[in-house]
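Undergrad: using only what follows, build the 3D model:
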Amino acid sequence: MSSLWVGTSWKMNKTLAEGREWSRGLRDHLGGGAPAGVQPFVIPSFTATTAVAEELGEGSPVLLGVQNAHWEDAGAWTGEVSVPQAKDAGARIVEIGHSERREHFGETVETTRLKVAAALRHGLTPLLCIGESAEVKDAGGSSAFILDQARGALEGLSAEELSRVVIAYEPIWAIGETGRPATVEELIEPFEALGAEYTGTVTGLLYGGSVNLDNAAGLLGIPHVTGLFVGRTAWELEGYLELLRLAEAHAAG
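TA: As a prediction, this is how the structure comes out:
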């Protein structure tokens, strides 16, 4: 079994001091090695990227990411950050297509495709987020919707390029402060669809959406799920460490 990916995005949270404290605590706890069978990752705000990289240290087993990046390498794109700039700051992952980016900042299937290509071009891992609304779910269209999002973003990739992609399924109805935790039964069908298309071809298929310490073990047991992408539960270091422990236990079988 390949490593279970367990990571968190801080979204628009944490000061530099808070980010350094969290990262320093994680570094000290891990002692230079990841839990057996687990790939940890963290995606802070842009302002904290370099500080987190410094605290984690060179050669850290924790992969560092950014929450977005432009598809062009440089240019007159005020307010944007390029993949080369993210890489220079220490990032090894680029989060792409989160539902909040799609809803509030005009992210489209086409721009996710461009961003995936840019990340791969510079040797970074694209973390492609996909997910449907409650309306789509209630109409019975979840699997078709998320497959369209994934196929559109990954169109034209070679087998080698596809093997470097991570997909995170985050249903919109299950994320954020108003999200409702999904049941295992609700996730079987979408992960069957994703698994049929991408198991064995991408690096990982992660689940994200109101993940907490009570449901994490059950979520990891869903067929085709190979990791968790976590929000608030992991913003406190002890919560994240407990998620790593749960994943390590699951990996051990």
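Undergrad: and the strands in the stretch 101-250 of the chain?
TA: 125-130, 166-169, 204-207, 227-230 (DSSP state E, counting those that start in this stretch).
Undergrad: now render these as a markdown table, adding mean neighbour count.
TA: Any C-beta I mention is one placed from the backbone N, CA and C, and that applies to glycine too. Shown next, in a markdown table, are the strands of the stretch 101-250 of the chain (neighbours: other Cβ atoms under 10 Å):
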| stretch | mean neighbour count |
| --- | --- |
| strand 125-130 | 26 |
| strand 166-169 | 26 |
| strand 204-207 | 24 |
| strand 227-230 | 26 |
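Undergrad: out of those strands, which is closest to Ala182?
TA: Nearest of the strands of the stretch 101-250 of the chain to Ala182, taken as Cβ to Cβ: strand 204-207 at 8.1 Å.
Undergrad: would CSV of the strands of the stretch 101-250 of the chain with distance to Leu30 and mean pLDDT be doable?
TA: Formatted as CSV, the strands of the stretch 101-250 of the chain follow (distance: least, Cβ to Cβ, whole Å; pLDDT from 0 to 100):
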stretch, distance to Leu30, mean pLDDT
strand 125-130, 20, 98
strand 166-169, 20, 98
strand 204-207, 20, 98
strand 227-230, 17, 98
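Undergrad: nearest to Leu114, of those strands?
TA: Once the strands of the stretch 101-250 of the chain are compared by Cβ to Cβ, strand 125-130 is nearest, at 10.9 Å.
Undergrad: neighbouring strands of that closest one in the sheet, and parallel or not?
TA: strand 93-96 (parallel), strand 166-169 (parallel) (DSSP bridges).
Undergrad: adding distance to Thr50, write those out as a markdown table.
TA: As requested, the strands paired with strand 125-130 are exported to a markdown table (distance: least, Cβ to Cβ, whole Å):
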| stretch | distance to Thr50 |
| --- | --- |
| strand 93-96 | 15 |
| strand 166-169 | 23 |
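Undergrad: follow-up on the earlier one: distance to Ala34 added to the strands of the stretch 101-250 of the chain, as JSON lines?
TA: Formatted as JSON lines, the strands of the stretch 101-250 of the chain follow (distance: least, Cβ to Cβ, whole Å):
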{"stretch": "strand 125-130", "distance to Ala34": "15"}
{"stretch": "strand 166-169", "distance to Ala34": "16"}
{"stretch": "strand 204-207", "distance to Ala34": "14"}
{"stretch": "strand 227-230", "distance to Ala34": "13"}
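Undergrad: for Leu147, which of the ones you listed is the nearest?
TA: strand 125-130 (8.5 Å).
Undergrad: work out the gap between the closest one and the centre of the chain.
TA: Averaging C-alpha positions (Cα atoms, centre = their mean, to the nearest Å) puts strand 125-130 6 Å from its chain's average.
Undergrad: which residues sit against it?
TA: 43, 63, 65, 92-99, 112, 115-116, 119-120, 146, 149-150, 153-154, 164-170, 203, 206, 208, 229 (Cβ atoms under 8 Å, 6 or more residues apart in numbering).
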